[in-house]
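Q: fold the following for me, if possible:
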Amino acid sequence: MTSSPAPGSDPATGSDLHRDRTPGRDRRTLRRWRKYLADERAEAATYRDLARRRDGEEREILLGLAAAEARHEQHWLDLLGDDVGRPARVDLRTRLLGFFARRFGSVFVLALAQRAESRSPYADDPDATAEMAADEQVHEEVVRALAERGRNRLSGTFRAAVFGANDGLVSNLSLILGVGASGVAPHVILLTGVAGLLAGALSMGAGEYVSVRSQRELLEASTPNPQMGAVLPDLDINANELALLYRSRGMDEAAAQTRATQVLAGLSADTGSLAAQRAEHHEAIGTGMSAAISSFCFFASGAVIPIIPYLFGLTGLTAVLIAAGLVGITLLATGAIVGLLSGASPVARALRQLAIGYGAAAITYLLGLLFGTTLG
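A: Numbers count the residues shown, from 1 in each chain. Below is the predicted model:
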């Protein structure tokens, strides 16, 4: 005799129609768990891809992060049980992160990974454990530290490049809009733009060279001499006098006295750490010549964009709109890059850059109209 299907089951298959609607396992919850599972798998793959492009300590750290993401993946697998289903679609940010990790493996990817870790929803999700939420916060700091190494290597030259390009964009757009609003001929606007490009690029290059060279010279004057340890055997000093040196570097009296005694007993100083510190600071600052060349080239590349329409013979409102549009696109791009490197929202940084640039150009344009009316 054929039994009738149980209440609440599919008459054709006898399967339970309400399985996904039991407490804690409704369809929305299962979708959320599957999404978390997919994201954890993608993030683990990203860290493994990054590790393939690294060696030594950085490689081990990245593989450790991948292993931690695998533990989180197992948590969602355990919760889902037989309801794992088809793999959920990973969100766009995570897919882009994996794409860049496989092809570039650069500081930009680490900055993106840092931002991705900072957006973890586990702290507010009742189905994620407190340990998982804490893990994600630690992951953010680990990736931040790894990204900082790359940022330090880029900071000197890259800072000059980005700021030089932005200065060129904004200053030359403001210049040609201000001059153009006064009613002068198109060839005068073009000549003004070219003169602004050359003058600004030379000024930026010279200023950046002086700035970086001065910063390096101040650092050299302030960094302890790493050769000090080599002359300790020949010094006619006692531990108290050597302790004064360590106190001048910020140690308290007891710690300075202990350190001085140890140094004199072993005839060794922290020469290695001092040399490493000096090298690290110099690497972060960059060289004066590289910064100057970057400033010159990137200011010029930024400043040429507003005059492109005039180089092709365009005039009037058409030239103004095209120049403003080209500058706006470039400002958005540079702002987004700065946002990515800083681990902040690239969209917010891009819009901020655009607002500042357009604001300065609009003010200059209005002043040009005012002066043109007055002088006319």
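Q: and stretch 196-214, which residues are buried?
A: For stretch 196-214, a neighbour-count test (16 or more other CB atoms under 10 Å) marks Gly196, Leu197, Gly200, Ala201, Met204, Gly205, Glu208, Tyr209, Ser211, Val212, Arg213 as buried. C-beta here means a position set from N, CA and C on the backbone, and glycine is covered the same way.
Q: pull the distance from that stretch to the chain's centre.
A: 25 Å (CA atoms, centre = their mean, to the nearest Å).
Q: what does it contact?
A: 156, 160, 164, 167-168, 171-172, 175-176, 285-289, 291-297, 299-300, 303-304, 307 (CB atoms under 8 Å, 6 or more residues apart in numbering).
Q: in contact with Ser171, which residues?
A: Contact criterion CB under 8 Å, 6+ apart gives Gly196, Gly200, Ala303 as the residues in contact with Ser171.
Q: returning to what we had before: now the buried residues of stretch 196-214 as CSV including secondary structure, pLDDT and distance to Val142?
A: Converted to CSV, those look like this (DSSP: H, G, I helix; E, B strand; the rest coil; pLDDT from 0 to 100; distance: CB to CB, whole Å):
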residue, secondary structure, pLDDT, distance to Val142
Gly196, helix, 92, 45
Leu197, helix, 93, 44
Gly200, helix, 89, 41
Ala201, helix, 89, 40
Met204, helix, 82, 37
Gly205, helix, 83, 38
Glu208, helix, 77, 33
Tyr209, helix, 82, 36
Ser211, helix, 79, 33
Val212, helix, 75, 31
Arg213, helix, 78, 35
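Q: quick check, nearest of those residues to Leu110?
A: Within the buried residues of stretch 196-214, the smallest distance to Leu110 is 25.1 Å, found for Val212 (CB to CB).
Q: that closest one and Phe298: what is the separation?
A: The spacing between Val212 and Phe298, counted by CB to CB, to the nearest Å, is 15 Å.
Q: do the same with Ala128
A: For Ala128, the distance to Phe298 (CB to CB) stands at 44 Å.
Q: which of these two has more residues huddled nearby?
A: Applying other CB atoms under 10 Å to Ala128 and Phe298 shows that Phe298 carries more neighbours, namely 26 against 21.
Q: pLDDT score assigned to that one?
A: Among the per-residue scores, Phe298 holds a pLDDT of 86.
Q: my guess is Thr129 meets Trp76, correct?
A: No. Counting by CB atoms under 8 Å, Thr129 sits too far from Trp76 to count as a contact (11.1 Å).
Q: cool, thanks, talk later.
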